[in-house]
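[1] here's a sequence, model it:
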Amino acid sequence: RCAKNVVHKESKTQQCHRRHNPNNVRVAGTVPPLTECYVSSLVPHCANALIPSYVFLLSTLTEEGVDVLLAETLSTEREGV
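    Next comes the predicted model:
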């Protein structure tokens, strides 16, 4: 019932994508590691130190209308949090 009351606000990019995408193509955005790949010792030990950078990346990708986010080559659990 609550879900029926949710209004989805589309970005201009999403509106354009919907109008000009007759084949319903989807766009994936990747979430990269913030430090060196495969070197877990270079990842900050406090997950809170990673949050501002990930918020910026994820906000930018979603605001620009990507359909799915893929996290790639993250070497520690704290990067995935």
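[2] next, L70: secondary structure please.
    Put simply, L70 is strand when judged by DSSP: H, G, I helix; E, B strand; the rest coil.
[3] now do the contacts for T35.
    42-44 (Cβ atoms under 8 Å, 6 or more residues apart in numbering). The way it works is simple: take the backbone N, C-alpha and C, and place the C-beta from them, glycine included.
[4] tell me which helix or strand in the protein has the weakest average pLDDT.
    Across the helices and strands of the chain, mean pLDDT, DSSP states H and E gives its lowest value to helix 12-19, namely a mean of 70.
[5] what residue lies at the spatial centre of this structure?
    For the chain, L58 is the residue whose C-alpha lies nearest the centre (Cα atoms, centre = their mean; 3.7 Å).
[6] list the buried residues of whichever helix or strand comes after the least confident helix or strand of the chain.
    Once helix 12-19 ends, the next helix or strand along the chain (criterion: DSSP states H and E) is strand 28-31. Neighbour counts over strand 28-31 (16 or more other Cβ atoms under 10 Å) mark 29, 31 as buried.
[7] touching strand 28-31 from outside, list them.
    With Cβ under 8 Å, 6+ apart as the test, strand 28-31 has contacts from 54, 57-58, 61, 64, 66-72, 74.
[8] next: stretch 46-62.
    Contacts of stretch 46-62 (Cβ under 8 Å, 6+ apart): 29, 31-32, 34, 43-44, 69, 78-79, 81.
[9] average model confidence for it?
    Mean pLDDT, stretch 46-62: 88.
[10] centre of the chain to that stretch, how far?
    Between the centre of stretch 46-62 and the centre of its chain there are 9 Å (Cα atoms, centre = their mean, to the nearest Å).
[11] likewise for stretch 30-43?
    In this view, stretch 30-43 has its centroid 16 Å away from the chain centroid, taken as Cα atoms, centre = their mean.
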